[in-house]
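>>> after the sequence you'll find the predicted model.
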Amino acid sequence: MSILIRNTLSGAKEVFVPHEDGKVKIYVCGVTVYDDIHMGHARSMIVFDTIVRYLRHCGYDVTHVTNFTDVDDKIIRKAAEEGVGALELSARYIGHYFEDAAKLGIRKADIYPKASEEMDSIIEMVGEIIEKGFGYATDDGSVYFSVDKVKDYGRLTNQKIEYMESSGRVALDEQKRNPMDFAVWKAAKPGEVSWDSPWGKGRPGWHIECSAMIRKYLGDEIDIHGGGNDLIFPHHENEILQTEAVTGRPLSKYWMHNGMLQVQGEKMSKSLGNFFRVRDVSQKFDRYAIRFYFLNTHYMSPLLYSEEMLAEARTSLERLANNYTDLKAYVKQGPSGDGDVCDVTDEYRTGFMDAMNDDFNTRAAIEVMFQLARVTNKSMSEGTLSREGAAKFVRLLDEFNGILGIFPEDAGKDDGALDSVMGILIDLRAELRKRKAYDLSDLIRDRLGDAGIRLEDAGDGVKWKKI
RNA sequence: GUCGGGGUAACACAGUGGCUAUGUGGCGGACUGCAGAUCCGCAUACGGGAGUUCAAUUCUCCCUCCCGACCCCA
């Protein structure tokens, strides 16, 4: 079964066929580092982290590149306010980025290029754009891309750019030959961080860094280019123009865009100020709840953000996590049998993979996990599941979890010393209960609860877990 | 205005031309000394209109409402 990807370029789901068999080159737009990342960024990061995990799970050799925009107007402005250097400021937030990404269980990209460290390839590309007649330098030392030189501007946005509302907010710059022209190189103002170039001191335009880094690290044509859907225009549209002006070849075969996170009906964004930092949210919710919350919907849909939603995600997830730890425990306690549940586990695996293959439908994949939970919970309580069968389900859930990352991999892990101590306590408590000394048995349960261990008296035994 | 994504039961969010969605919450049971977990059952759906069809929530068209993009933005 092949993977279908909704390609922004065509608007349709297309069968995924990478340029090179078995290999995937993916570039995901990172963040502009002038502040901590917020939950909107988290969504994008978790979505593409999961996609990369899945592609790897399917056997693809994936090269994943995510950039940092560390030179930019806002960074410069904020650095000036704080009285620090622009690169000093961005370095600080890059540090925060990695701390926060770790809190979200994000697996690292292979390469994290920074605009400030890629000046040679950026300047080279700007030069090529001019050479090939797609750009022009102005008197003040800026370089603009000339949109009149391309015939199909708007391919990704799926419309003629001239039909888009001219909001009047496009900077009226007399240096530009066409108001839609955009800067690939910006002349430095006095005191700004800058680099030497053939056009004078300056810094890269927003879009050029991605074009240059992709080319340097992944080549002229990549397989997947991803990012938030707010980047489609102008950022990705302009990347296409720049790269294709230079290479004459399509930048990316597939374009994927995740939907925005909304706060009270509005997009969460730094400029609106209605954002929630990952570092704050993760004080209250762990990575598993956060990941579940995001993966419990399709990556393209808009998603409402609220603490209530996160809390609900946490509750829902607990059901799956309970099932997982229960199965692990059952492997040790359950009756032995022929363990021939192969067909059954295959059914769930197929269901899960079918969902993931259909444009990475994590929501539908999670539904399969809930079905699995219900069925195995039942067969465990009835004792009809063998320990060998339970072990197979555990391996299957490990497989799923390797892709989604929604519960701790070491959940229910053996802890010899604690295991035996708990065994003693549970036996002791069972004896007390037999003698109807409930005050004491309840005291043990309460005190264990205080210590972070939850006891559950199930019909067929006592379960305990760390919480 | 142009383009894109949506409107599914209390809430969230999948999906399908006819067959039990799923989770949270609610109600009622089972289990239980209690608590919790788990299981079983119940209730509330597919924005509006027209069309295609034996049959549409699912396809087509029209309308309407919401969100997003068009300065920066995941």
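Yep, it's here.
>>> please name the nearest non-neighbouring residue to A:Thr209.
One correction, residue A:209 is Glu, not Thr. A:Ala115 (4.0 Å; CB to CB, 6 or more residues apart in numbering). To be clear about C-beta, it is placed using only N, CA and C from the backbone, and glycine gets the same treatment.
>>> Provide a list of residues in contact with that neighbour.
A:67-71, A:122, A:204, A:209, A:213 (CB atoms under 8 Å, 6 or more residues apart in numbering).
>>> can you show me the helices along the stretch 151-300 of chain A?
Taking DSSP state H, counting those that start in this stretch, the helices of the stretch 151-300 of chain A run over residues A:208-218, A:237-247, A:278-284, A:287-295.
>>> if you count contacts, what does the second one end up packed against?
Looking back up the chat, that one is helix A:237-247. For helix A:237-247, the elements it packs on are helix A:119-131, strand A:143-145, helix A:208-218, judged by 3 or more CB pairs under 8 Å, 6 or more residues apart in numbering; DSSP states H and E.
>>> mean pLDDT for these - can I get that in JSON lines?
Listed next are the helices and strands packed on helix A:237-247 as JSON lines, based on pLDDT from 0 to 100:
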{"stretch": "helix A:119-131", "mean pLDDT": "96"}
{"stretch": "strand A:143-145", "mean pLDDT": "94"}
{"stretch": "helix A:208-218", "mean pLDDT": "96"}
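>>> pick the most deeply packed of the ones you listed.
strand A:143-145 (a mean of 26; mean count of other CB atoms under 10 Å).
>>> show me the contact partners of that one.
A:126, A:129-130, A:134-138, A:175-177, A:181-185, A:199, A:205, A:238, A:241-242, A:245.
>>> buried only: go through those residues for me.
With burial judged by 16 or more other CB atoms under 10 Å, the buried subset of the contacts of strand A:143-145 is A:126, A:129-130, A:134-138, A:176, A:181-185, A:199, A:205, A:238, A:241-242, A:245.
>>> also near RNA strand B: which of these, exactly?
Within the set of the buried ones among the contacts of strand A:143-145, contact with RNA strand B (CB under 7 Å from any atom of the strand) is found for A:Phe182.
>>> nearest to A:Ala80, of the helices of the stretch 151-300 of chain A?
A:Ala80 lies closest, by CB to CB, to one member of these: helix A:208-218, at 21.2 Å.
>>> only the C-alpha atoms, please, for the closest one, written as CSV.
Provided in CSV are the C-alpha atoms of helix A:208-218 (Å, rounded to 0.1, in the frame of the first residue of the first chain):
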residue,chain,number,x,y,z
ILE,A,208,16.1,33.4,0.0
GLU,A,209,17.6,31.6,3.0
CYS,A,210,15.3,28.7,2.5
SER,A,211,16.0,28.4,-1.2
ALA,A,212,19.7,28.6,-0.6
MET,A,213,19.8,26.1,2.3
ILE,A,214,17.6,23.6,0.6
ARG,A,215,19.8,23.7,-2.4
LYS,A,216,22.9,23.4,-0.4
TYR,A,217,21.8,20.5,1.9
LEU,A,218,19.2,18.7,-0.1
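>>> could you pick out the longest helix of chain A?
Across chain A, the longest stretch assigned as helix under DSSP state H is helix A:307-333.
>>> make a markdown table out of the contacts of A:Ala115 and add distance to RNA strand B.
Listed next are the contacts of A:Ala115 as a markdown table, based on distance: CB to the nearest atom of the strand, whole Å:
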| residue | distance to RNA strand B |
| --- | --- |
| A:Asn67 | 10 |
| A:Phe68 | 10 |
| A:Thr69 | 6 |
| A:Asp70 | 12 |
| A:Val71 | 11 |
| A:Ile122 | 15 |
| A:Pro204 | 12 |
| A:Glu209 | 10 |
| A:Met213 | 14 |
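>>> and the residues you listed, which two are furthest apart?
Among these, A:Phe68 and A:Ile122 lie farthest apart (CB to CB), at 13.7 Å.
>>> please enumerate the strands of the stretch 1-150 of chain A.
Taking DSSP state E, counting those that start in this stretch as the test, the strands found in the stretch 1-150 of chain A are A:4-7, A:12-15, A:23-32, A:61-69, A:135-137, A:143-145.
>>> ok, the longest one: who's next to it in the sheet?
Neighbouring strands of strand A:23-32 in its sheet, by DSSP bridges, are strand A:61-69 (parallel), strand A:222-228 (parallel).
>>> which of the ones you listed is buried the deepest?
Using mean count of other CB under 10 Å, strand A:222-228 ranks as the most buried of the strands paired with strand A:23-32, with a mean of 24.
>>> pLDDT value on A:Gly334, please?
What the model reports for A:Gly334 is a pLDDT of 83.
>>> which other residues reach stretch A:98-112?
A:28, A:30, A:36-37, A:42, A:45-46, A:49, A:52-53, A:63-68, A:217, A:278-279, A:282, A:287-288, A:290-291, A:405.
>>> any idea how far apart the tips of that stretch sit?
11 Å (CA to CA, to the nearest Å).
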